[in-house]
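Undergrad: Just the structure for this:
(one chain, ligands or ions: 2)
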Amino acid sequence: SGPREPRYRVVLLGDPGVGKSSLVNLFAGVQERDLVEQHGEAAYERTLTVDGEETTLLVLDIWEPEQRGEESRRRGQCLQVGNAYVIVYSITDRGSFESASELRIQLRRARQAEDIPIILVGNKTDLVRCREVSVEEGRACAAVFDCKFIETSAALQHNVDELFEGVVRQIRLRRGGK
Ligand code: GDP
Ligand code: MG
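TA: Residues are numbered from 1 along each chain as shown. Ligands and ions are numbered 1, 2, ... in the order given. Below is the predicted model:
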């Protein structure tokens, strides 16, 4: 099946509690879970077949909360190592939506010259009655920040496959059809 596909590093960003680990666990799957513990880091690797072609993603669930407003070296590294980013907020938490915008700005600053794929994710759509951020706001934010947008529910396993397939497609778009 041709030369070995490269592996792309996908880093999840977002406030604590928005559902990053839940989304990654679904990506990893119960059977195929391959948890790599390195200095407390969680990395999950899986090869996806999208549009008839295989691509391997190494998804890194390593983002940590800010320590007293201090920009940690570790956070800085997170912003450097990704080939693609998934910025997650909870639709039930406006603060996390504002953080997502801030993260997009930090990422742009850290990777200025690069056109990195970024997917903005509004998670927890099952919590309908607690919604604080509308779909329209999410979509508008993604348009302003020039990234893709999807709403998911890790709890209902809704749109989670679509999210990671979208990541693969965004990566491929930037490989110039190679
Ligand atoms: P992280 O801190 O971003 O990694 O968030 P977690 O994945 O640990 O999730 C934080 C909490 O939110 C946990 O109690 C999850 O069970 C819950 N959670 C995550 N995703 C969803 C979702 O889509 N819907 C609901 N109702 N709860 C969720
Ligand atoms: Mg987590």
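Undergrad: Least confident secondary structure element in this structure?
TA: In the chain, no helix or strand scores lower on mean pLDDT, DSSP states H and E than strand 36-38, which sits at a mean of 46.
Undergrad: Beyond it, next helix or strand please.
TA: strand 41-50 (DSSP states H and E).
Undergrad: I'd like the mean pLDDT over that following strand, please.
TA: Per-residue pLDDT over strand 41-50 has a mean of 89.
Undergrad: That one vs ligand 2: in contact?
TA: No - contact of strand 41-50 with ligand 2 (CB under 5 Å from the ion) is absent, the minimum separation being 8.0 Å. For glycine as for every other residue, the C-beta is placed from the backbone atoms N, C-alpha and C.
Undergrad: Where does pLDDT dip in the chain?
TA: 1-5, 30-41, 69-71, 176-178 (pLDDT under 70).
Undergrad: That one against ligand 1: which residues are in contact?
TA: 14, 16-22, 123-124, 126-127, 153-155 (CB under 6 Å from any ligand atom).
Undergrad: between those residues, which is nearest Ala100?
TA: Gly14 (6.4 Å; CB to CB).
Undergrad: Now do the same contact list for the closest residue to that closest one other than its chain neighbours.
TA: Take Gly14 and drop its neighbours on the chain: the residue closest to it by CB to CB, 6 or more residues apart in numbering is Val88, 3.6 Å away. Neighbour list for Val88: Leu12, Leu13, Gly14, Val18, Gly19, Lys20, Leu23, Ser96, Ala100, Val121, Asn123 [criterion: CB atoms under 8 Å, 6 or more residues apart in numbering].
Undergrad: any idea which of these is closest to Leu107?
TA: Leu13 (7.5 Å).
Undergrad: Am I right that the residue nearest to Gly14 sits in a strand?
TA: Yes - looking at Val88 with DSSP: H, G, I helix; E, B strand; the rest coil, it is inside a strand.
Undergrad: For this protein, what lies in contact range of ligand 2?
TA: Counting by CB under 5 Å from the ion, the chain sits next to ligand 2 at Lys20, Ser21.
Undergrad: Helices of the chain, start to end?
TA: Using DSSP state H, the helices of the chain run over residues 20-28, 73-81, 94-110, 135-144, 160-173.
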